[in-house]
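Trainee: Prediction below, plus the sequence it came from.
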Amino acid sequence: MENMQYAEELVREFLVFRGFTNTLQAFETERCTDIGKMFQVYKILDLIFAVYIPKFHGEKLVGLFSFFKQCFSSWSETTMLDTFSKLEGSVLRCYIVHALQSGRKDKVVEFFGMNGNDLLLKGSDWTAWFAIPYVKNPSIDPQFRVYFSKEWYEALRLSVRNFFSEIFNARLPALLKISSEKNTISCLKKDNKRLNQKLLQLQALLEEKEAQLGLSKRSMGAANSSFQSSGIDGENLRPSSSSEDICAPETSYLGRIPQSEECAAAEPTKFASARVESSSRQDSYSASSLRASSGGIDDTAQKLYGSHFDENGREMLGEEEFPEVSVEFQETFLGHTSPITRCRFSASGNNIASASVDGTVRIWTYDSSIPASRNATIYCGAEIMSLDWECKSDRLLLIGTADGGIKAWNVDAKRVVCDLNTTDAFPSVLDLKCSPVEPIFVSAASSRRLGSNSIDSLGYASLTVWNMKTWKAMTVLPLGEDPPAVTSLCFNHNGKILAASATDGMIHMFDMSAGLQITGWPAHDSAISSLLFGPDETSIFSLGSDGKIFEWSLQNQGRVLWSKTSSWFSEPQTSKYCRHEMALDASGRQLLATSGSVRAPIYQVQGHSNGFKTLPHSAAITTVDWHPSLPIFLTGSADNSVRRQGHFMAALLEGSG
């Protein structure tokens with residue numbers, strides 16, 4: 001009963017919305033009769049045999065059966081489909097016979113004129129019926145005589161009644177299922193919320209244990225210092241430089257690695273050949289601890305941990321000191337012939353779009369349960385600078401190129417539905433962002449393209465708001481006179497605020513309803529290459545071209561909540577074909593960044609650990625993205641490949657201790 005009431009409310013709401021007031025009155029009148037809570041088979045029989053056939057409504061009769069076919073399109077039994085097709089053919093023949101018995105040959109000719117082609121496609125048994133209007137006495141013709149008998153008509157009515165009774169007895173209208181599905185979704189959301197709360201509790205407990213462990217380590221370090229200061233010679237603590245002495249104490253630490261590999265790993269020049277792949281989930285070991293064994297304790301501060309410090313005295317860790325992330329699976333997508341410039345998950349996470357310097361965009365479907373009909377290769381004729389999916393669905397993909405082109409690709413129709421161009425003064429579309437609420441998007445274009453010059457030399461900026469229904473420019477956001485190029489854009493959850501970062505290190509905030517800049521502040525000494533709102537939108541993350549990452553408070557403007565200084569942006573060649581970027585996971589606790597190295601760092605935001613490193617490509621990591629809801633991330637590389645990797649959340653949290 002609850003499902004019926006909810007469905008009726010939906011019908012009433014729709015009729016009011018469309019202005020169908022007469023229909024609404026008729027609906028209310030019939031609803032008050034309360035004739036039943038199921039399909040009324042006799043009503044359908046009356047509609048066919050007492051209305052459509054006697055009153056010569058041939059088109060409505062055909063439309064009714066087409067409607068039933070659509071309703072029962074999920075039929076999997078061939079026998080059921082064949083039976084329905086035969087009943088449909090018999091009912092249409094009954095219409096023709098009734099028209100001839102009533103002396104309305106014109107209705108028969110009209111019926112064949114409108115439906116003849118469809119009838120011929122149904123089977124060759126209809127061919128002879130096209131001649132029936134011109135037969136003098138079809139009721140006595142051996143080929144048609146049986147259809148004019150009363151027995152055949154009564155048998156047809158009985159067959160139709162029995163068929164519909166059997167079908168409708170086991171089927172509910174789709175509208176009545178909405179309420180049940182709504183309740184199911186509501187229960188799932190409650191379960192999800194409860195599990196998230198439990199996860200947060202476990203994470204808080206884990207952080208507490210981390211703090212206790214760190215306190216214990218510091219206490220042990222202080223005890224060792226007091227022990228050395230008591231007069232024991234430091235030379236007695238210096239490890240031996242012989243390979244036997246180096247390898248022996250490491251045996252229990254290396255676990256499954258053979259003894260010969262342990263000794264080889266002790267030599268820095270052979271370290272690469274002794275690395276353990278994380279996919280085998282063996283115990284990882286620190287290369288820095290092996291390297292330190294060839295020197296004395298006086299080198300420990302730098303060699304043992306590979307540490308060095310930035311200008312503010314914060315410790316910076318090298319690639320070797322990040323443990324490799326524990327990976328559940330890894331998939332590599334090939335097909336591009338040049339370095340990858342951008343890769344993005346769709347709004348649902350079911351599809352991936354990747355772009356390349358070679359001027360192509362590829363759409364991938366990685367889940368075998370999802371149809372691969374959306375897979376496509378889009379040839380744009382210019383280097384791809386930016387990608388963004390429509391926020392409300394996976395239907396549209398926006399593509400920005402280095403020659404000022406903006407294309408809208410419809411993944412269902414598999415074609416470009418709109419091809420826009422920026423002004424000649426701003427040919428390079430550095431970023432595109434769709435509003436999460438309204439059918440608009442914003443493009444950030446610059447007067448120069450990224451190439452042999454650095455990101456700081458992209459020229460001037462232009463920010464344009466486009467309408468996704470008319471595909472026309474709505475307005476240009478004000479940036480002042482000769483503004484530096486805007487490199488990254490991001491909307492807040494309701495699309496009312498747009499954040500933009502520039503090559504002069506500024507962060508700008510715009511009120512989209514007014515089309516005006518509301519605030520801004522200098523965030524970096526260098527160009528900002530990527531910008532992201534935090535998960536609760538009380539903060540915003542910025543990534544500078546120098547590798548510095550800041551989390552800024554939006555409640556206390558200018559205050560830094562968290563920061564990292566990355567040493568992974570060391571390859572100068574990388575910046576020639578990419579702008580470094582970052583991505584946050586769904587929880588906002590893990591930040592993935594591009595890298596001049598073959599691996600990308602995953603930082604623990606506000607965590608006590610330094611982070612992790614991804615499995616390696618064969619060249620620099622040029623683009624990254626996180627799945628919108630799952631612990632799965634993408635890495636695109638200068639080796640022309642895109643990789644999708646899923647990691648164990650539990651392993652990451654355990655590793656942070």
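Mentor: It's in.
Trainee: If we go by neighbour counts, what in stretch 340-351 is buried?
Mentor: Residues 340-347, 349-351 are the ones in stretch 340-351 that count as buried (16 or more other C-beta atoms under 10 Å). In short, each C-beta sits where N, CA and C put it, glycine included.
Trainee: I meant stretch 634-652, not that one.
Mentor: Those would be 634-645, 647, 649, 651-652, for stretch 634-652 by 16+ other C-beta under 10 Å.
Trainee: likewise stretch 580-590?
Mentor: Neighbour-count burial for stretch 580-590 [16+ other C-beta under 10 Å]: 580-585, 587-590.
Trainee: so where's the stretch 301-450 of the chain shaky on pLDDT?
Mentor: 301-320, 368-372, 450 (pLDDT under 70).
Trainee: please redo it, this time with the cut-off set to 80
Mentor: 301-321, 366-374, 449-450 (pLDDT under 80).
Trainee: which residues of it fall in strands?
Mentor: 308-309, 315-316, 327-333, 340-345, 351-356, 360-365, 376-379, 384-389, 396-401, 405-410, 415-421, 428-434, 440-446 (DSSP state E, counting those that start in this stretch).
Trainee: Make CSV from those and add distance to residue 121 to it.
Mentor: Shown next, in CSV, are the strands of the stretch 301-450 of the chain (distance: least, C-beta to C-beta, whole Å):
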stretch, distance to residue 121
strand 308-309, 76
strand 315-316, 72
strand 327-333, 41
strand 340-345, 42
strand 351-356, 35
strand 360-365, 33
strand 376-379, 31
strand 384-389, 39
strand 396-401, 35
strand 405-410, 30
strand 415-421, 28
strand 428-434, 43
strand 440-446, 44
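Trainee: I'd like the buried residues of stretch 340-351 as TSV, with distance to residue 612 appended.
Mentor: Below are the buried residues of stretch 340-351 laid out as TSV (distance: C-beta to C-beta, whole Å):
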residue	distance to residue 612
340	21
341	25
342	23
343	20
344	22
345	20
346	25
347	27
349	21
350	26
351	26
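Trainee: Doesn't residue 466 lie inside a strand?
Mentor: Yes: checked against DSSP: H, G, I helix; E, B strand; the rest coil, residue 466 lies within a strand.
Trainee: Tell me the bridge partners for it.
Mentor: Judged by DSSP bridges, the bridge partners of residue 466 are residue 441, residue 473.
Trainee: State the pLDDT value of it.
Mentor: Per-residue confidence (pLDDT) for residue 466: 96.
Trainee: what's the answer for residue 26, then?
Mentor: So residue 26 comes in at 85 (pLDDT).
Trainee: Check which element follows whichever strand or helix holds it along the chain.
Mentor: Under the criterion of DSSP states H and E, residue 26 resides in helix 21-33. On the C-terminal side of helix 21-33, the nearest following helix or strand under DSSP H and E is helix 41-46.
Trainee: mind checking how far whichever strand or helix holds residue 488 is from the chain centre?
Mentor: Assigned by DSSP H and E, residue 488 belongs to strand 486-491. Centre-to-centre, strand 486-491 and its host chain are 19 Å apart (C-alpha atoms, centre = their mean, to the nearest Å).
Trainee: before we move on, the earlier item: can you put the buried residues of stretch 580-590 in a markdown table and add distance to residue 181 and pLDDT?
Mentor: Below are these laid out as a markdown table (distance: C-beta to C-beta, whole Å; pLDDT from 0 to 100):
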| residue | distance to residue 181 | pLDDT |
| --- | --- | --- |
| 580 | 43 | 88 |
| 581 | 38 | 93 |
| 582 | 37 | 95 |
| 583 | 32 | 96 |
| 584 | 31 | 94 |
| 585 | 29 | 92 |
| 587 | 27 | 87 |
| 588 | 30 | 89 |
| 589 | 32 | 89 |
| 590 | 33 | 92 |
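Trainee: What about those, which are in strands?
Mentor: 582-584, 590 (DSSP state E).
Trainee: What residues are bridge-paired with residue 625?
Mentor: Per DSSP bridges, residues listed as beta-bridge partners of residue 625: residue 634.
Trainee: Would you check that it makes contact with residue 345?
Mentor: Yes: the pair residue 625 and residue 345 passes the contact test of C-beta atoms under 8 Å, sitting 5.5 Å apart.
Trainee: okay, and the common contacts of those two?
Mentor: residue 634 (C-beta atoms under 8 Å, 6 or more residues apart in numbering).
Trainee: pretty sure residue 569 is touching residue 596, no?
Mentor: Yes: between residue 569 and residue 596 a contact is recorded at 5.3 Å, counting by C-beta under 8 Å.
Trainee: Go through the strands of the stretch 301-450 of the chain and name the closest to residue 8.
Mentor: The minimum distance between residue 8 and the strands of the stretch 301-450 of the chain falls on strand 396-401, with 34.8 Å, by C-beta to C-beta.
Trainee: Show me what that closest one pairs with in its sheet, parallel or antiparallel.
Mentor: Using DSSP bridges, the strands paired with strand 396-401 in its sheet are strand 384-389 (antiparallel), strand 405-410 (antiparallel).
Trainee: out of these, deepest packed?
Mentor: strand 384-389 (a mean of 24; mean count of other C-beta atoms under 10 Å).
Trainee: so how far is that one from its chain's centroid?
Mentor: 14 Å.
Trainee: quick one: that strand to strand 351-356, angle?
Mentor: Orientation of strand 384-389 against strand 351-356 (axes from the mean of the first three to the mean of the last three C-alpha atoms, to 10 degrees) gives an angle of 170 degrees.
Trainee: Need the residues that contact strand 384-389.
Mentor: Around strand 384-389, the neighbours that count as contacts under C-beta under 8 Å, 6+ apart are 341-347, 353, 355-357, 359-361, 396-402, 428-434, 441, 444, 449-450.
Trainee: Next, the contact list for the spatially closest residue to residue 474 that is not a sequence neighbour, please.
Mentor: What sits nearest to residue 474 in space, not counting adjacent residues and going by C-beta to C-beta, 6 or more residues apart in numbering, is residue 465, at 4.7 Å. Contact analysis of residue 465 by C-beta under 8 Å, 6+ apart lists 440-442, 473-477, 512, 515.
Trainee: if you set the cut-off to 6 Å instead, what comes out?
Mentor: 440, 442, 474-475 (C-beta atoms under 6 Å, 6 or more residues apart in numbering).
Trainee: Return the entry from those residues with the maximum number of neighbours.
Mentor: When neighbours are counted by other C-beta atoms under 10 Å, residue 442 leads these with 25 neighbours.
Trainee: Verify the stated contact: that one with residue 434.
Mentor: No: using C-beta atoms under 6 Å, residue 442 is not in contact with residue 434, being 8.4 Å away.
Trainee: hmm, back to that, how about residues contacting the helix holding residue 26?
Mentor: Residues from elsewhere that reach helix 21-33, judged by C-beta under 6 Å, 6+ apart: residue 15.
Trainee: Would you mind putting the CA coordinates of that helix into CSV?
Mentor: Provided in CSV are the C-alpha atoms of helix 21-33 (Å, rounded to 0.1, in the frame of the first residue of the first chain):
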residue,chain,number,x,y,z
THR,A,21,-5.0,19.6,-15.2
ASN,A,22,-7.8,17.8,-17.1
THR,A,23,-5.8,14.6,-16.9
LEU,A,24,-5.2,15.2,-13.2
GLN,A,25,-9.0,15.6,-12.6
ALA,A,26,-9.7,12.3,-14.5
PHE,A,27,-6.9,10.6,-12.6
GLU,A,28,-8.4,11.7,-9.2
THR,A,29,-11.9,10.6,-10.2
GLU,A,30,-10.7,7.1,-11.3
ARG,A,31,-8.4,6.8,-8.3
CYS,A,32,-11.3,7.4,-5.9
THR,A,33,-13.2,4.4,-7.4
